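1. predicted coordinates and the sequence they were generated for:
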Amino acid sequence: MVLPKRKSAFPPSAIASGADPEGEAPDPRDPRDSRAELTRADARDGLGRHAGRVVTVTGAASFLGTNLVGLLEEDDRVARIVAIDIKPPATALRKTRFYEVDFTQPTAESRLSEIFAAERTDTLVHLAFLASPSHGLAVAHELESVGTRHVLVAARHARLRKVVMWSQTTLYGADPSNPNFLTEKHPLRATTSEPFFADKIEAEAEVARFAQKVPGAIVTVLRTAPILGPTIHNYVTRYLSRKIVPTMMGFDPLLQFVHEVDAIAALKLAVDRDHPGIFNIVADGVLPLSTVIKLAGRLAVPIPHPLAHTLGAALWLAHMSEAPASFMTHLRFLCVADGEKAKERMGFRPAYTTREAVLDFTSAQRLRDVKLLQETPA
């Protein structure tokens, strides 16, 4: 997989490219390994960063995890990457040590504690979240809500210095009373009757409790806008890939995205620098839904509001739609986040605007439409 080089926030070679996942990790006990000294190093530089850091990534085989591991493999300041998932990331090379851990199992917490202690983890990046709604509600709850609890209890026992967690701006909820731009101080008001939102809101509550119980730890939460781009595959890209796109009659809400390159760059920035707190990671600019659909080259079909929820629920039960009927509020009302805090405090500058993210997705989708580009797994 190759992401576009234009305006990239990091070297293109760091993006997931199907590298050999069977590469061996460096052995710090082996004097013949040229990186043994780097692996053993545990010093800080003048900026407070660690030389020879050990970064653990949960959900390492996901889209974000795979690409982040690829970036960390090329970072000389990172001595070792600990990848945790049910399968290894495609970008795992010699720096990466893979551990198969199923967060839905009751033994996950003790297993994670052992890994964190044995690997001497410095920074934890928690990405074990679903990018799209799932019909497997029990498994999703165990993975995201209960799984996050397991991860953070293990992190507390291991006294990790730093935790970075992925979240989403959709948790603010689409509501007619929303301001034009939602800041990080705005409450998470997405409907908790929808498991996709409820599990992630519970995960955010878990990380907030962790930050209170471990006051010395650096805890960073990145809430990304819906991620769009040429290679990512999620419920948003599936919705915009339809020839006929359903909309809500009489509504044309403003939408906001973040390009996949920028989402990965924000995660790397949070690993590199210490910026505790919650940050909205969004592209500059917004677009009406009608404009997004036109740019994607699709045909919008407005559905009367009284029929929409019933039809959406039936299609979801029949596995014929991208998301449950509860997501239809995002086709009616505003849910746009303010990204100024990330710019001012983290120094995050998105390389792509919302319009450019849509156009980049559209260019790749046109190739997929004529079977010239292979679909990328989620």
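-> Perfect, thanks for sending it.
2. does anything pack onto the biggest helix by length in the chain? Which helices or strands?
-> For the chain, the longest helix by residue count, based on DSSP state H, is helix 195-213. For helix 195-213, the packing partners by 3 or more CB pairs under 8 Å, 6 or more residues apart in numbering; DSSP states H and E come out as helix 137-141, helix 147-158, strand 162-168, strand 218-224. (Each C-beta comes from the backbone N, C-alpha and C, glycine too.)
3. dump these into a markdown table; add mean neighbour count, mean pLDDT and distance to residue 89 as well.
-> Putting the helices and strands packed on helix 195-213 into a markdown table (neighbours: other CB atoms under 10 Å; pLDDT from 0 to 100; distance: least, CB to CB, whole Å) gives the following:
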| stretch | mean neighbour count | mean pLDDT | distance to residue 89 |
| --- | --- | --- | --- |
| helix 137-141 | 15 | 96 | 21 |
| helix 147-158 | 22 | 96 | 17 |
| strand 162-168 | 24 | 98 | 15 |
| strand 218-224 | 23 | 98 | 19 |
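4. of all these, which one is nearest residue 179?
-> Residue 179 lies closest to strand 218-224 among these, at 15.9 Å (CB to CB).
5. pLDDT score assigned to residue 38?
-> Note on residue 38: pLDDT of 33.
6. one more: the one 4 residues further on?
-> The predicted local distance difference test score for residue 42 is 39.
7. same check on residue 22?
-> pLDDT, read off for residue 22, is 35.
8. then residue 309?
-> At residue 309, pLDDT is 89.
9. burial count for it?
-> Neighbours of residue 309 under the rule other CB atoms under 10 Å: 15.
10. now it, nearest residue through space, not along the chain?
-> Nearest residue to residue 309 in three dimensions, chain neighbours excluded: residue 325, at 4.9 Å (CB to CB, 6 or more residues apart in numbering).
11. thought the one you found was touching residue 305?
-> No - with contacts counted by CB atoms under 8 Å, residue 325 stays clear of residue 305, the gap being 11.8 Å.
12. these two: who's more crowded?
-> Higher neighbour count among residue 325 and residue 305: residue 325, with 18 against 14, using other CB under 10 Å.
13. residue contacts, that one?
-> When the contact criterion is CB atoms under 8 Å, 6 or more residues apart in numbering, the partners of residue 325 are 308-310, 312-313, 316.
14. make TSV from those and add distance to residue 227 and secondary structure to it.
-> Putting these into TSV (distance: CB to CB, whole Å; DSSP: H, G, I helix; E, B strand; the rest coil) gives the following:
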residue	distance to residue 227	secondary structure
308	25	helix
309	26	helix
310	30	helix
312	22	helix
313	26	helix
316	21	helix
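15. buried subset of the residues you listed?
-> Using 16 or more other CB atoms under 10 Å as the burial test, those include 308, 312, 316 as buried.
16. just name the closest of those residues to residue 217, please.
-> Of the buried ones among the contacts of residue 325, the one sitting nearest to residue 217 (CB to CB) turns out to be residue 316, at 39.0 Å.
17. show me the shaky parts of this structure.
-> For the chain, applying pLDDT under 70 flags the ranges 1-51, 372-378.
18. all helices for it, in order.
-> Assigned by DSSP H, the chain shows helices spanning 36-40, 63-73, 108-119, 137-141, 147-158, 195-213, 235-241, 260-272, 289-295, 305-317, 340-341, 354-369.
19. I'd like the ones you listed laid out as a markdown table, including distance to residue 182.
-> Below are the helices of the chain laid out as a markdown table (distance: least, CB to CB, whole Å):
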| stretch | distance to residue 182 |
| --- | --- |
| helix 36-40 | 42 |
| helix 63-73 | 22 |
| helix 108-119 | 33 |
| helix 137-141 | 25 |
| helix 147-158 | 23 |
| helix 195-213 | 15 |
| helix 235-241 | 18 |
| helix 260-272 | 17 |
| helix 289-295 | 18 |
| helix 305-317 | 24 |
| helix 340-341 | 11 |
| helix 354-369 | 15 |
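20. how many neighbours does residue 188 have?
-> By the criterion of other CB under 10 Å, residue 188 has 19 neighbours.
21. export the helices and strands packed on helix 195-213 to a markdown table and tack on distance to residue 131?
-> Formatted as a markdown table, those follow (distance: least, CB to CB, whole Å):
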| stretch | distance to residue 131 |
| --- | --- |
| helix 137-141 | 11 |
| helix 147-158 | 15 |
| strand 162-168 | 9 |
| strand 218-224 | 10 |
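22. how about those, which one is nearest residue 69?
-> Relative to residue 69, the nearest member of these by CB to CB is strand 162-168, separated by 13.7 Å.
23. so that closest one versus strand 218-224, what angle?
-> Using axes from the mean of the first three to the mean of the last three CA atoms, to 10 degrees, the inter-axis angle of strand 162-168 relative to strand 218-224 is 20 degrees.
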